[in-house]
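**Q** sequence first, then the predicted structure, then my questions.
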Amino acid sequence: MSRAAVYGTGSWGTAFAAVLADAGTPVTMWGRREEVVAQVNAGVNEDYLPELRLPATVRATTDPAEAADGADVVVLAVPSQTLRDNLGAWGSVLPGDAAVVSLMKGVELGTTKRMSEVIAEVGGVDDERVVVVSGPNLAREIAAKQPAASVVASRSEHMAERVAAACAAPYFRPYTGTDVVGTEIAGAVKNVIALAVGMAEGLGMGDNSKASIITRGLAETMRLGTAVGGDAVTFAGLAGVGDLIATCMSPLSRNHSFGVRLGQGMSVDEVVAVTKQTAEGVKSCTSILDLSRAHGVDVPIIEQVDAMIRHGRTAQEVVAALLSRPRKAETD
């Protein structure tokens, strides 16, 4: 039987820990804050998922080495832009034969590296041991045990199957795959597209407008993903269009909700002050744009979201800029 370590006690890390436990995999979570660790050990994470009663086989610690002890599946669920620092602090304790799973959906600022690349570089983890889990997996719905599916991608079919077996709960169906690059790009870019969809909703636009942004956002995702080595088929699957729809349309999506407030006229700082959180797409839009430019990929939606986040462009100006672009064939 597998045993898992989950590093990170946020919403998705906590929900995935419950998935693992419900699949029969005992879990030790690592958390930075002692008060959250104490909550988890009492069977609940009040700060992030207060409605979820955690299984008895989930426990937590503030000691990274204790969390890793005996684990053959290690799950990383920290914010993407903190991954490098976190691995620098405790990456050396990760077992040398464990599957190392990334739940993170971002591209690193400054380096434009995907999370699997950071794991390999800083954690000293062989590419064959890195696994990426991605799909339409809103944490609160998973916590409520609503049926969902996801992709478990790794260059090693053996490692992908190990993780899939460890998280195959009655309400959570994992599918295995080998396209790590495409799975990661889809997961990162959809957050930025969700910001744009949320902005449209905040401006009072309807489903036609939002569907148009989602569809053209998918085109941008595919162009970038295939340019950096992803498989086009991935973007039509759970990690691609599945995750894109969920993140762009659900009020449970942090990126969508953040975008709605931006569309209503709030600044980034004002939204952060109200929500006490920064959406992943806000942090990653610049690095994704840098990656796109490095590969000569046209990503107008991402470019306009970045202009709003970094340069104060208004939602109305973003819409006008996108609609005034020169006409072209849809499949160019």
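**A** On my side now, so go ahead.
**Q** where does the chain have low pLDDT?
**A** Screening the chain residue by residue with the criterion pLDDT under 70, one finds no matching range.
**Q** longest helix of it, counting residues only.
**A** As far as residue count goes, and with DSSP state H defining each element, the longest helix of the chain is helix 180-202.
**Q** how far off centre is it?
**A** For helix 180-202, the separation from the chain centroid amounts to 10 Å (computed by C-alpha atoms, centre = their mean, to the nearest Å).
**Q** state the phi and psi torsions of A148.
**A** In this entry, A148 is assigned phi and psi values of phi -150, psi 160 (degrees, to the nearest 10).
**Q** if I pick it, what's in contact with it?
**A** Residues counted as contacts of A148 (C-beta atoms under 8 Å, 6 or more residues apart in numbering) are G135, P136, N137, E141, I142, Y171, F172, R173. Glycine gets a C-beta too; all of them are placed from N, C-alpha and C.
**Q** wait, the second one sits on D243?
**A** Just to be clear, that refers to P136. Yes. The pair P136 / D243 is scored as a contact, 5.0 Å apart, by C-beta atoms under 8 Å.
**Q** these two - which one has more neighbours?
**A** Here P136 and D243 are compared on neighbour count by other C-beta atoms under 10 Å; more neighbours surround D243, at 26 against 20.
**Q** what does whichever strand or helix holds the more buried one rub up against?
**A** With the criterion set as DSSP states H and E, the secondary-structure element containing D243 is helix 243-249. Applying C-beta under 8 Å, 6+ apart, the external contacts of helix 243-249 come out as 134-138, 186-187, 190-191, 193-194, 197-198, 210, 213-214, 217-218, 221, 253, 255-256.
**Q** can I have the buried ones of those residues as a PyMOL selection?
**A** With 16 or more other C-beta atoms under 10 Å as the criterion, this PyMOL line picks the buried residues out of those:
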select buried, resi 134+135+136+137+138+186+187+190+191+193+194+197+198+210+213+214+217+218+221+253+255+256
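**Q** measure the closest residue to L52 other than its chain neighbours to V73 for me?
**A** Once its chain neighbours are removed from consideration, L52 has its nearest residue in A143; the separation is 4.1 Å (C-beta to C-beta, 6 or more residues apart in numbering). Spatial separation of A143 from V73 under the definition C-beta to C-beta, to the nearest Å is 20 Å.
**Q** can you give the domain ranges for the chain?
**A** The record's domain parsing of the chain by automatic domain parsing lists 4-178, 181-323.
**Q** in a markdown table: those domains, plus distance to D332.
**A** Conversion of the domains of the chain to a markdown table gives the following (distance: least, C-beta to C-beta, whole Å):
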| stretch | distance to D332 |
| --- | --- |
| domain 4-178 | 24 |
| domain 181-323 | 9 |
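**Q** nearest to E330 among those domains would be which one?
**A** Taking C-beta to C-beta as the criterion, domain 181-323 is the member of the domains of the chain that comes nearest to E330, at 7.9 Å.
**Q** which strand or helix spans the residue most central in space within the chain?
**A** When the chain is reduced to its mean C-alpha position, the closest residue under C-alpha atoms, centre = their mean turns out to be K105, at 2.9 Å. With elements delineated by DSSP H and E, K105 resides in a region that no helix or strand encompasses.
**Q** equivalent analysis for K210, please.
**A** Element membership of K210 [criterion: DSSP H and E] is helix 207-227.
**Q** name the residues that touch that helix?
**A** Surrounding helix 207-227, the residues in contact under the criterion C-beta under 8 Å, 6+ apart are 181-182, 185-186, 189-190, 192-193, 196-197, 200-201, 232, 234-235, 240-241, 244-245, 248-249, 288, 291-292, 295-302, 330.
**Q** run the last query once more with 7 Å
**A** 182, 185-186, 189-190, 193, 196-197, 200-201, 232, 235, 240-241, 244-245, 248, 291-292, 295, 297-299, 301-302 (C-beta atoms under 7 Å, 6 or more residues apart in numbering).
**Q** residues touching A98, list them.
**A** A98 makes contact with A71, D72, V73, V74, R129 under the criterion C-beta under 7 Å, 6+ apart.
**Q** 6 Å instead?
**A** Under the criterion of C-beta atoms under 6 Å, 6 or more residues apart in numbering, the neighbours of A98 are A71, D72, V74.
**Q** the closest residue to it other than its chain neighbours: which element?
**A** Residue nearest to A98 in three dimensions, not counting chain neighbours: V74, with 4.7 Å by C-beta to C-beta, 6+ apart. For V74, the host element (DSSP H and E) is strand 73-76.
**Q** name the strands paired with that strand and say parallel or antiparallel.
**A** The strands beside strand 73-76 in its sheet (DSSP bridges) come out as strand 4-7 (parallel), strand 99-102 (parallel).
**Q** take those strands and lay them out in a markdown table including distance to V282 and mean neighbour count.
**A** Supplementary listing: those in a markdown table, determined by distance: least, C-beta to C-beta, whole Å; neighbours: other C-beta atoms under 10 Å:
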| stretch | distance to V282 | mean neighbour count |
| --- | --- | --- |
| strand 4-7 | 23 | 29 |
| strand 99-102 | 20 | 28 |
